[in-house]
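Peer 1: Prediction below, plus the sequence it came from.
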Amino acid sequence: MNARRPVNTESVLNATTWHREARKTPAARPPVHTVHDLRAMPQRVLTRYIRDRDAWIKNLVFPWAAGNEAVSMIAQVVDENQYGPPGAKEIVAITAPFTAGKSTLVRGWANGYYRELIGAAIQSAAQPTWRPRPGVEAVHAPVVWIDLGSASKQRTLTMQILDYFGYPISGRIPDLIVRFSHVVANHQVRLIIVDDIHLLKVDQRDSRQVLDHLKHINTVLGQQGGSLVFVGKKDNKDGLVFNDPQLAGRLQLNELHTFAADTPSQVAEWQTFLHGAEHMLLPYLPAASPGLLASTHAPRIWRRTQGFIGDTAKLLKRATIQAALDGSWTITAGHLDAQRLSFRATTREQALRGRRAPAPVEHNVEVSA
């Protein structure tokens, strides 16, 4: 629209960079080769193959049953909100410990939802546009992602949303709020995701004002069939979102957890996740045998990552890449021990030294293709 400022399209997350991100084409799945074929390849061909293989591996998202249930819940609530009567809608909150994969999970789903809403327009590098009224052309940007800052106030939250679309961010708070209401209608906003919602604290006045404004945003979205999704760590004591009685009546909560390994059933769930990862990686580890990750290395992987999705994914991908670089074409204990992980994982692993790692459960686990 004419009132919009030029949008910074380099690194700041906004409607333009979101469209660009949603359009990214994953690396093509490379062909599968035997160890004999790989070792017989000319070095130049092998180097190119390893490069393409690594690019594909780095982009993998491993299947995660609890994560799939969480995004199915988001999709269901968003669908109900879209077709339900106008007004304030149910709000979804996806919670998990830090670095447990919640933001990556929701962002991946939201990209798919964006592609679904704009349809064939995803083929164009230019953002799709439409005419909300005669003589006015606006960008069609149905998904908004906001990272909540620790110092967020009502003004700054509204400014973040306006800046996402390139609108002027100066003016009195009432004027900014009215401007936001126009944004929702003009750009056909159907989903606003607010990450790091745990930063809103019970004992902070600014946090209360931000939460009240989020309730208003939910009402404005609801008039257009839109939805509000919260992502963050659940804080039962100080987290404002989870201690607000009015919000409790609209909040649909899905709590994600890291993989524990204290009981046989928990170990079996851990192995199921590793089976899913193994199903994707093993064809590219031609010297490996079935059960390498889900049985042989399951205790070691858990000790290194403590069942955190993010650390586990990094560990498996890096070890798989290393297995090609050194020509072993299988993952060894040395590969797993050599990879750098987060400070959290490394510190916790040191505390676990001497504790017996969880033993694999001896039973067959079915994994869908």
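Peer 2: Right, received. Where do you want to start?
Peer 1: Other residues contacting stretch 305-316?
Peer 2: Applying C-beta atoms under 8 Å, 6 or more residues apart in numbering, the set of residues contacting stretch 305-316 from outside is 60-62, 64, 67, 97, 99-101, 104, 258-261, 270, 273, 277, 281, 293, 301, 304, 331, 336, 339, 341-342, 344-345, 348-349, 352. (C-beta placed from N, C-alpha, C; glycine too.)
Peer 1: Can you list the buried residues in it?
Peer 2: Buried residues in stretch 305-316, counted by 16 or more other C-beta atoms under 10 Å: T305, Q306, G307, F308, I309, G310, D311, T312, A313, K314, L315, L316.
Peer 1: One more: stretch 30-45?
Peer 2: By neighbour count on 16+ other C-beta under 10 Å, the buried set for stretch 30-45 is P30, H33, L38.
Peer 1: start to end distance for it?
Peer 2: End-to-end distance of stretch 30-45 (C-alpha to C-alpha, to the nearest Å): 13 Å.
Peer 1: Same check on stretch 169-176?
Peer 2: Terminal residues of stretch 169-176 are spaced 7 Å apart (C-alpha to C-alpha).
Peer 1: can you check stretch 51-64 too?
Peer 2: 27 Å.
Peer 1: for stretch 154-172, same thing?
Peer 2: Taking C-alpha to C-alpha, stretch 154-172 runs 11 Å from one end to the other.
Peer 1: for that stretch, which positions count as buried?
Peer 2: Within stretch 154-172, the residues scored as buried using 16+ other C-beta under 10 Å are 154-155, 157-167, 169.
Peer 1: repeat for stretch 138-145
Peer 2: A138, V139, H140, A141, P142, V143, V144, W145.
Peer 1: again, but for stretch 70-77
Peer 2: Buried residues in stretch 70-77, counted by 16+ other C-beta under 10 Å: A70, V71, I74, V77.
Peer 1: what's near enough to touch the last one?
Peer 2: With contacts defined as C-beta under 8 Å, 6+ apart, the neighbours of V77 are E90, V92, S227, Q252.
Peer 1: Run through the chain and note the low-pLDDT ranges.
Peer 2: Counting by pLDDT under 70, the chain shows low-confidence ranges at 1-11, 150-151, 354-369.
Peer 1: Nearest residue to G276 in space, please, no chain neighbours.
Peer 2: The shortest distance from G276 to any non-neighbouring residue, by C-beta to C-beta, 6 or more residues apart in numbering, is to P63 (3.9 Å).
Peer 1: And I74, by the same measure?
Peer 2: Leaving out its chain neighbours, the residue that sits closest to I74 by C-beta to C-beta, 6+ apart is V92, at 5.2 Å.
Peer 1: roughly how far apart are the one you found and Q266?
Peer 2: With distances taken as C-beta to C-beta, to the nearest Å, V92 is found 26 Å from Q266.
Peer 1: Which one's more surrounded, the two?
Peer 2: Of the pair V92 and Q266, V92 is the one with more neighbours under other C-beta atoms under 10 Å, namely 27 against 16.
Peer 1: tell me what the host helix or strand of that one is packed against?
Peer 2: For V92, the element it lies in under DSSP states H and E is strand 91-95. Under the contact definition 3 or more C-beta pairs under 8 Å, 6 or more residues apart in numbering; DSSP states H and E, strand 91-95 sits against helix 65-83, helix 102-118, strand 227-232, strand 251-255.
Peer 1: Could you list which residues are in contact with the residue most central in space within the chain?
Peer 2: Centroid-nearest residue in the chain: T104, 1.6 Å away (criterion: C-alpha atoms, centre = their mean). T104 makes contacts with V61, G310, as judged by C-beta under 8 Å, 6+ apart.
Peer 1: cool, L38 as well?
Peer 2: With contacts defined as C-beta under 8 Å, 6+ apart, L38 is in contact with L46, Y49, P286, W329.
Peer 1: Can you report phi and psi for it?
Peer 2: phi -70, psi -40 (degrees, to the nearest 10).
Peer 1: now T99
Peer 2: Backbone torsions of T99, given as degrees, to the nearest 10, read phi 60, psi 30.
Peer 1: Tell me the spatial nearest neighbour of it, not counting adjacent residues.
Peer 2: Spatially, and ignoring its direct neighbours in sequence, T99 is nearest to G310 (4.7 Å; C-beta to C-beta, 6+ apart).
Peer 1: how near is that neighbour to Q204?
Peer 2: 28 Å.
Peer 1: H19 now?
Peer 2: Taking C-beta to C-beta, one finds H19 at 34 Å from Q204.
Peer 1: more crowded one of these two?
Peer 2: H19 (24 against 17).
Peer 1: picking that back up, of the contacts of L38, closest to G222?
Peer 2: Y49 (51.6 Å; C-beta to C-beta).
Peer 1: and that closest one, what is it in contact with?
Peer 2: Neighbouring residues of Y49 by C-beta under 8 Å, 6+ apart: P30, H33, L38, M41.
Peer 1: Tell me where the chain has helices.
Peer 2: 15-23, 35-40, 43-58, 65-83, 102-118, 154-164, 173-186, 205-223, 245-248, 264-281, 298-305, 309-325, 333-338, 343-352 (DSSP state H).
Peer 1: and of these, who's closest to D238?
Peer 2: D238 lies closest to helix 205-223 among the helices of the chain, at 9.7 Å (C-beta to C-beta).
Peer 1: I'd like to know which elements the closest one is packed against.
Peer 2: Contacts defined by 3+ C-beta pairs under 8 Å, 6+ apart place helix 205-223 against helix 154-164, helix 173-186, strand 191-195, strand 227-232, helix 245-248.
Peer 1: Kindly recompute the last result at 6 Å.
Peer 2: helix 154-164 (3 or more C-beta pairs under 6 Å, 6 or more residues apart in numbering; DSSP states H and E).
Peer 1: Next, the angle from the helix it packs on to strand 191-195.
Peer 2: Interaxial angle of helix 154-164 relative to strand 191-195 (axes from the mean of the first three to the mean of the last three C-alpha atoms, to 10 degrees): 130 degrees.
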